[in-house]
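Student: any chance you can model this:
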Amino acid sequence: MSGSSQPHRSTEPHARAAAVQAQASGSDFQSLSARAAGDEKLKAAIGSAVMRQFTGRRLRLLDLPDAQQLRTLAGRIRQHALDHLDYYLELLAARVRQNGGLVHFAADAAEARRIIIQIARDNGCRSVVKSKSMVSEEIGLRPAMEEAGLDVVETDLGEFIIQMAGEGPSHIVGPCIHKTAAAIGKLFSEYFGTPYSEDPGAMTRQARAYLREKFRRADMGMTGANFVVAETGLVCAVENEGNVRQSITTPRILVSVTGIEKVIPRMADLAVFLKLLGRSSTGQAMTVYTNLFGGPRKAGEGDGPEQFHLVLVDNGRSRILGSEYREALRCIRCGACLNACPVYRKIGGHAYGHVYSGPIGAILAPLMQGRERFRDLPQASTLCGACFEACPVMIDIPSMLIRLRGEDAAQGGLGWRQRLAFCAWAEMLKSPLLYGVLGRIKRWLLRRRADEEGYISKGAGMVRGWTDVRDLPMPAKKTFHQLWQGRRK
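Tutor: Got it, this is the predicted structure:
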């Protein structure tokens with residue numbers, strides 16, 4: 001592969017804009033999840049990636065003397081910062097300005113986009129290198145910048161891949177985990193006009209050669225933030241590829257965009273989160289690069305930006321902060337709850353219709369973008385508690401999902417058929433006799449539908465939701481209770 005090869009075609013801005021618009025408008029979770037659950041290639045790709053991270057997390061936590069105590073401490077620090085967010089935001093803004101930087105507060109996504117595009121125009125920027133940022137995906141930043149005439153390239157390899165594909169991220173940490181090596185190889189071949197290859201090393205070298213030239217020519221660098229330290233005014237961005245470090249040192253203008261909830265009080269607190277973040281997200285003891293930066297280049301320094309801008313985005317966070325769901329804002333975007341979730345493992349992230357997917361996305365999407373548009377997401381959970389067990393900051397996700405479900409039901413979210421079904425189900429559970437009789441009828445009906453191998457591939461009624469995407473094992477002739485009673489006689 002030639003190091004100077006240029007793309008055979010450009011990624012269409014309108015395709016990416018359409019993808020962002022689809023996410024912003026919500027989705028039919030029922031149909032999208034059913035389709036994803038029936039996609040064996042998707043399930044294999046997602047399952048392999050998240051299980052590797054899930055297993056790695058559990059192993060790396062064993063390195064800590066008391067992981068549970070550290071998680072509790074991390075949760076308390078995040079909650080303290082949220083409870084006093086007004087104070088810490090004022091302190092942060094003062095420290096950033098002392099460091100020579102500029103601070104911008106954006107009430108919503110549209111204002112954040114306007115601020116950033118205006119910064120680019122005021123400084124004559126044309127080329128932008130951008131590192132991974134979930135907030136920028138949330139506000140639809142890249143399509144807006146491209147529509148404004150800016151050449152924007154994602155420099156994180158996973159984000160670069162989905163930029164080429166015109167898609168949104170399917171995972172908070174691994175945006176392209178839904179893609180197989182064959183799919184990525186085909187994408188690279190079509191994008192760069194080069195021979196097809198599935199070799200990860202060859203594709204990485206080709207992307208590196210292309211992105212290196214982008215770094216050299218960029219006017220503006222953009223980053224997100226894992227944490228922002230109020231005490232010092234510094235941004236912390238962790239990574240494994242080195243592209244964040246390139247983005248903050250090479251261009252003359254640097255913009256960091258993040259949510260207002262990412263503030264932590266002190267540098268000493270940062271050590272707590274760095275011990276947990278890598279372990280929880282990718283199963284590493286620590287990420288390869290931990291970048292701390294803020295402010296423009298000082299006299300005598302060889303690299304760094306001429307201007308530094310910090311854009312703090314609200315976009316519904318203040319509304320959550322003032323509600324009983326405040327705890328959800330503790331999230332440090334590690335993706336551990338996605339890796340642990342049996343629902344996410346089977347359908348991936350795109351079925352959620354929002355940039356934040358999985359268990360935490362099932363809370364944040366309705367609260368940030370409107371419950372009507374994302375009414376089904378709180379139902380996308382088995383309430384097994386795996387997400388709570390995995391969360392490094394102890395967010396009680398299952399309890400909040402139950403609360404959202406209850407509020408939806410109280411506001412008329414259930415149709416009359418569903419209400420009737422639940423009432424009938426409740427009455428049946430109250431009567432052992434009725435439960436037993438209906439159970440026998442159900443087993444008889446299901447056994448009649450089973451094939452010779454003992455599976456039901458075409459169910460009726462509510463059973464169809466299962467059999468549309470998987471076979472249902474035939475019920476046993478006797479229930480556990482019947483077998484147990486027979487044993488006791």
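
Student: from now on I want contacts and neighbour counts done on CA atoms only, so please keep to that.
Tutor: Noted.

Student: Phe105: what secondary structure?
Tutor: Under DSSP: H, G, I helix; E, B strand; the rest coil, Phe105 falls in the strand class.

Student: ok, it touching His309?
Tutor: No. With contact defined as C-alpha atoms under 8 Å, Phe105 and His309 do not form a contacting pair (10.7 Å).

Student: got the domain ranges for the chain?
Tutor: According to automatic domain parsing, the chain comprises the domains 13-318, 335-410, 417-488.

Student: so which of those domains is nearest Glu324?
Tutor: For Glu324, the closest of those is domain 335-410, at 8.9 Å, according to C-alpha to C-alpha.

Student: contacting residues for Ser381?
Tutor: 341, 343, 359 (C-alpha atoms under 8 Å, 6 or more residues apart in numbering).

Student: distance of it relative to Pro359?
Tutor: 7 Å (C-alpha to C-alpha, to the nearest Å).

Student: okay, and the common contacts of those two?
Tutor: Cys341.

Student: let me know the pLDDT of the residue nearest to Asn240 when sequence neighbours are not counted.
Tutor: The spatial neighbour of Asn240 that comes closest, neighbours along the chain excluded (C-alpha to C-alpha, 6 or more residues apart in numbering), is Val288 at 4.7 Å. The score at Val288 is 94. That number is its pLDDT.

Student: what about Val288, how many neighbours?
Tutor: By other C-alpha atoms under 10 Å, 13 other residues sit near Val288.

Student: so it versus Asp199, what's the distance?
Tutor: From Val288 over to Asp199 the distance is 23 Å, taken as C-alpha to C-alpha.

Student: before we move on, what about Ala230?
Tutor: 44 Å.

Student: comparing those two, which residue is more hemmed in?
Tutor: Ala230 (25 against 12).

Student: test my guess that that one contacts Arg95.
Tutor: Yes. Using C-alpha under 8 Å, Ala230 and Arg95 qualify as a contacting pair, with a distance of 7.2 Å.

Student: quick check: neighbours shared by those two?
Tutor: Contact criterion C-alpha under 8 Å, 6+ apart; residues shared by Ala230 and Arg95: none found.

Student: how about the residue nearest in space to the middle of the chain, nearest residue that isn't a chain neighbour?
Tutor: Note on the chain: the residue nearest the mean C-alpha position is Ile172, at 2.9 Å, using C-alpha atoms, centre = their mean. What sits nearest to Ile172 in space, not counting adjacent residues and going by C-alpha to C-alpha, 6+ apart, is Gly335, at 5.5 Å.

Student: helices of the stretch 301-450 of the chain, start to end?
Tutor: 317-321, 336-340, 342-347, 358-369, 386-390, 397-410, 416-430, 432-449 (DSSP state H, counting those that start in this stretch).

Student: could you do the stretch 101-250 of the chain as well?
Tutor: 109-122, 134-138, 141-147, 157-165, 181-192, 200-217, 243-249.

Student: rebuild those helices as JSON lines, extending it with mean neighbour count.
Tutor: Shown next, in JSON lines, are the helices of the stretch 101-250 of the chain (neighbours: other C-alpha atoms under 10 Å):
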{"stretch": "helix 109-122", "mean neighbour count": "17"}
{"stretch": "helix 134-138", "mean neighbour count": "21"}
{"stretch": "helix 141-147", "mean neighbour count": "20"}
{"stretch": "helix 157-165", "mean neighbour count": "21"}
{"stretch": "helix 181-192", "mean neighbour count": "18"}
{"stretch": "helix 200-217", "mean neighbour count": "16"}
{"stretch": "helix 243-249", "mean neighbour count": "23"}
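
Student: and those helices: which comes nearest Leu404?
Tutor: helix 134-138 (21.6 Å).

Student: distance between the closest one and the chain's centre?
Tutor: 10 Å (C-alpha atoms, centre = their mean, to the nearest Å).

Student: next: stretch 265-285.
Tutor: That offset, for stretch 265-285, works out to 18 Å (C-alpha atoms, centre = their mean).

Student: list the buried residues in it.
Tutor: For stretch 265-285, the neighbour count (16 or more other C-alpha atoms under 10 Å) marks 265-266, 270, 273-285 as buried.

Student: distance check, Ser281 against Arg114.
Tutor: 32 Å.

Student: again, but for Arg371
Tutor: From Arg371 to Arg114 the distance is 26 Å (C-alpha to C-alpha).

Student: same thing with Pro392?
Tutor: 34 Å.

Student: which residues touch Gly459?
Tutor: 449, 466-467.

Student: of these, which is the nearest to Ile177?
Tutor: The shortest approach to Ile177 among these belongs to Trp466, at 25.2 Å (C-alpha to C-alpha).

Student: wasn't that closest one part of a helix?
Tutor: Yes. With three-state DSSP as the criterion, Trp466 is assigned to a helix.

Student: and it, how far from Ile441?
Tutor: Trp466 sits 19 Å away from Ile441, going by C-alpha to C-alpha.

Student: these two: who's more crowded?
Tutor: Taking neighbours as other C-alpha under 10 Å, Trp466 and Ile441 compare with Trp466 leading, 17 against 11.

Student: which ones among the buried residues of stretch 265-285 are found in helices?
Tutor: 270, 273-281 (DSSP state H).

Student: reformat the residues you listed as TSV; add pLDDT and distance to Leu70.
Tutor: As requested, these are arranged in TSV below (pLDDT from 0 to 100; distance: C-alpha to C-alpha, whole Å):
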residue	pLDDT	distance to Leu70
Leu270	97	12
Phe273	98	9
Leu274	97	11
Lys275	97	9
Leu276	97	8
Leu277	97	12
Gly278	96	14
Arg279	96	12
Ser280	97	12
Ser281	95	16
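
Student: what about the closest residue to Gly47 other than its chain neighbours, how many neighbours?
Tutor: Spatial nearest neighbour of Gly47, excluding adjacent residues (C-alpha to C-alpha, 6+ apart): Arg345 at 5.5 Å. The number of residues packed near Arg345 is 23, by other C-alpha under 10 Å.

Student: try the one 3 residues further on
Tutor: For Gly348, the number of neighbouring residues by other C-alpha under 10 Å comes to 25.

Student: my read: it touches Pro169, true?
Tutor: No. Gly348 lies out of contact with Pro169 (C-alpha under 8 Å); the separation is 10.1 Å.

Student: please save the CA atoms from the helix or strand hosting Gln79 in PDB.
Tutor: Taking DSSP states H and E as the criterion, Gln79 maps to helix 67-83. Taking Å, rounded to 0.1, in the frame of the first residue of the first chain, the C-alpha atoms of helix 67-83 are listed here in PDB:
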ATOM      1  CA  ALA A  67     -11.900  -2.500  43.800                       C
ATOM      2  CA  GLN A  68     -15.300  -2.200  45.400                       C
ATOM      3  CA  GLN A  69     -14.100   0.500  47.800                       C
ATOM      4  CA  LEU A  70     -12.500   2.400  44.900                       C
ATOM      5  CA  ARG A  71     -15.700   2.300  43.000                       C
ATOM      6  CA  THR A  72     -17.600   3.600  45.900                       C
ATOM      7  CA  LEU A  73     -15.100   6.500  46.300                       C
ATOM      8  CA  ALA A  74     -15.300   7.300  42.600                       C
ATOM      9  CA  GLY A  75     -19.100   7.400  42.800                       C
ATOM     10  CA  ARG A  76     -19.000   9.700  45.800                       C
ATOM     11  CA  ILE A  77     -16.500  12.100  44.000                       C
ATOM     12  CA  ARG A  78     -18.700  12.300  40.900                       C
ATOM     13  CA  GLN A  79     -21.800  12.800  43.000                       C
ATOM     14  CA  HIS A  80     -20.200  15.600  45.000                       C
ATOM     15  CA  ALA A  81     -19.100  17.300  41.800                       C
ATOM     16  CA  LEU A  82     -22.700  17.100  40.500                       C
ATOM     17  CA  ASP A  83     -24.200  18.400  43.800                       C
END
